[in-house]
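here's my sequence, what's the structure:
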Amino acid sequence: MPILPALAIQFQGLFPNSDHGRERARWFILTLQAILLPITASRTSNLLRTIATLFGVVIGEAKYYTFMASVKLPWTRIWAVLWRAIPDPLTDGRLLVVLDDSINPKTGTKVFACQRSFDHAAKTNQSAFPWAQTIVTVGLLKVIHGRWCCLPLAFAFYLRKATLALRCVRIRGRALTFETKFTQAVRLIQSFAGIFARAPIPGSPTAGSATTACSSPCAKRSAPVPICSRVCA
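Below is the predicted model:
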């Protein structure tokens, strides 16, 4: 992909210009390359082995795990670079976005943002309340190769009010406060709306009851966001 070298240069510029920052920038690019290889599963242990085997860079396991879990990675600026790199993101002059929430079951007891979450799509042999992360995702709807596709643009971890009441969850020393899923969705939309400041942004929550819940916070924006209750095939 010809866009990757250009993105790599931009990504490297987002890290501090110090020995530590340049080292982290190199690890970040190597991790992206390992993820993009079709033979690699996107699990931290597999990525570490791939970096050592294919690229010849040996990184200590503890250091790499700490790097992957770091909250100091410049994700906000990284996402902005990726959003600007999307070729022709508009459809009929508008930026079509879809909102969705999903759960990501985990087995570890110390995984960030895990809680007992209700899974309405659980099968009969699955728990209806798995130990999982709940993720709110905003994606770009775009026709690619003749088919509608959803390109994830941003996401947030949703924590129930009861979960936050039971324990204090902190990021970089700041205690998290409760936000509804739709408040999070509006915040995510606002984060990339500045990149596409001139484009109208119709939104489509995938839940049928989402329109009312999402309309109120969206109405507070200076630029209104038209909302459809569901994407119809």
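
rest of the way, CA atoms for contacts and neighbours
Fine.

residue 161 against residue 178, yeah?
Yes: Residue 161 lies in contact with residue 178 (CA atoms under 8 Å); the separation is 5.7 Å.

between the two, which is the more surrounded one?
residue 178 (16 against 12; other CA atoms under 10 Å).

can you name the residues that contact the more buried one?
Residue 178 sits next to 159-161, 164 when contact means CA atoms under 8 Å, 6 or more residues apart in numbering.

from the residues you listed, which would you call buried?
Of the members of the contacts of residue 178, the ones counted as buried by neighbours, 16 or more other CA atoms under 10 Å, are 159-160, 164.

if we can go back for a sec, nearest to residue 5, out of the contacts of residue 178: which one, please.
Closest to residue 5 out of the contacts of residue 178 is residue 159 (36.9 Å), distances taken as CA to CA.

check contacts around that closest one.
For residue 159, the contacting residues are 113, 115, 134, 178-179, by CA under 8 Å, 6+ apart.

export the helix ranked longest in the chain as PDB, just CAs?
Longest helix of the chain, by residue count under DSSP state H: helix 19-36. Listed in PDB are the C-alpha atoms of helix 19-36, where the atom choice follows Å, rounded to 0.1, in the frame of the first residue of the first chain:
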ATOM      1  CA  ASP A  19      15.800   8.700  22.600                       C
ATOM      2  CA  HIS A  20      12.800   7.300  24.400                       C
ATOM      3  CA  GLY A  21      10.300   8.900  22.000                       C
ATOM      4  CA  ARG A  22      12.100   7.700  18.900                       C
ATOM      5  CA  GLU A  23      12.300   4.200  20.300                       C
ATOM      6  CA  ARG A  24       8.600   4.200  21.000                       C
ATOM      7  CA  ALA A  25       7.900   5.600  17.500                       C
ATOM      8  CA  ARG A  26       9.900   2.700  16.000                       C
ATOM      9  CA  TRP A  27       8.100   0.100  18.100                       C
ATOM     10  CA  PHE A  28       4.700   1.600  17.000                       C
ATOM     11  CA  ILE A  29       5.600   1.400  13.300                       C
ATOM     12  CA  LEU A  30       6.900  -2.200  13.700                       C
ATOM     13  CA  THR A  31       3.600  -3.100  15.500                       C
ATOM     14  CA  LEU A  32       1.500  -1.700  12.700                       C
ATOM     15  CA  GLN A  33       3.600  -3.600  10.100                       C
ATOM     16  CA  ALA A  34       3.200  -6.800  12.100                       C
ATOM     17  CA  ILE A  35      -0.600  -6.300  12.400                       C
ATOM     18  CA  LEU A  36      -0.900  -5.800   8.600                       C
END
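
chain center to that helix, what's the gap?
Taking CA atoms, centre = their mean, to the nearest Å, one finds helix 19-36 lying 19 Å from the centre of the chain it belongs to.

report the buried residues of it.
Neighbour-count burial for helix 19-36, counted by 16+ other CA under 10 Å, picks out 21-22, 24-25, 27-31, 33-35.

ok, stretch 90-103 next?
For stretch 90-103, the neighbour count (16+ other CA under 10 Å) marks 90, 95-101, 103 as buried.

run through who's touching stretch 138-145.
By CA under 8 Å, 6+ apart, the residues outside stretch 138-145 that reach it are 89-91, 95-100, 148-155, 185, 188-189.

dump the buried ones among the contacts of residue 178 to a markdown table, plus secondary structure.
Compiled in a markdown table, the buried ones among the contacts of residue 178 are given as follows (DSSP: H, G, I helix; E, B strand; the rest coil):
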| residue | secondary structure |
| --- | --- |
| 159 | coil |
| 160 | coil |
| 164 | helix |
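
okay then, goodbye and thanks.
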